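A.B. asks: For reference, the sequence and a predicted model appear below.
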Amino acid sequence: MTADQDIWLLITAHPDDESMFFIPTLRNILHIDYKKDSNDERQNQKPNIHLLCLSNGDYRDVSDGPVRTKELYKACSLISIDSSKSSEATSVVVIDDGRLKDGPNEVWNSDLIADIVLEHLLKILCSIQ
């Protein structure tokens, strides 16, 4: 990742439905054509996309969490978003925290969410070389 590269962070609540709704958006971002502007320094660079998912999708059963997480990683890999854990700023991160349980009756603490998002943003920014 370089400092002049576009960086995108998509934050979702759940790994399953969100991948259906946001994968088309991510695909479009990946195919932005910077070549239209010959003065744009980003011409030969793909945008750097990060996905932060705030729960692992274990609403029905705790065993669903790893399955939903794996499905999200697979969906991202199909559009060339790397979900490997090769650096501090992994491109696809699924939070597995008991305070952020998946479910329609769950209420999440906004300060906790803000802390998680800030920590993730700092990892991304620190990885810029």
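C.D. replies: Yes, it's here.

A.B. asks: Packing partners of the helix or strand hosting Thr69?
C.D. replies: Using DSSP states H and E, the element containing Thr69 is helix 64-78. With contacts defined as 3 or more CB pairs under 8 Å, 6 or more residues apart in numbering; DSSP states H and E, the packing partners of helix 64-78 are helix 17-30, strand 48-53, strand 92-94. Yep, even glycine has a C-beta here, placed from its N, CA and C like the rest.

A.B. asks: Quick one: those as CSV, columns for distance to Ile124, mean neighbour count and mean pLDDT too.
C.D. replies: Output for these, formatted as CSV (distance: least, CB to CB, whole Å; neighbours: other CB atoms under 10 Å; pLDDT from 0 to 100):
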stretch, distance to Ile124, mean neighbour count, mean pLDDT
helix 17-30, 15, 14, 80
strand 48-53, 6, 22, 90
strand 92-94, 10, 21, 92
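
A.B. asks: burial measure for Gly65, as a count.
C.D. replies: Other residues near Gly65 number 20, with proximity taken as other CB atoms under 10 Å.

A.B. asks: Correction: the previous question concerned Ile79.
C.D. replies: Using other CB under 10 Å, Ile79 has 14 other residues around it.

A.B. asks: Can you find the helix or strand in this protein with the smallest mean pLDDT?
C.D. replies: In the chain, the helix or strand scored least confidently by mean pLDDT, DSSP states H and E is helix 17-30, which has a mean of 80.

A.B. asks: Quick one: closest of the helices and strands packed on helix 64-78 to Asp6.
C.D. replies: With CB to CB as the measure, strand 48-53 is the member of these nearest Asp6 (6.7 Å).

A.B. asks: Tell me how far the most centrally placed residue in the chain lies from Val92.
C.D. replies: Averaging the C-alpha coordinates of the chain gives a centre point, and the residue nearest to it by CA atoms, centre = their mean is Leu51 (0.4 Å). From Leu51 over to Val92 the distance is 5 Å, taken as CB to CB, to the nearest Å.

A.B. asks: Alright, calling it a day.
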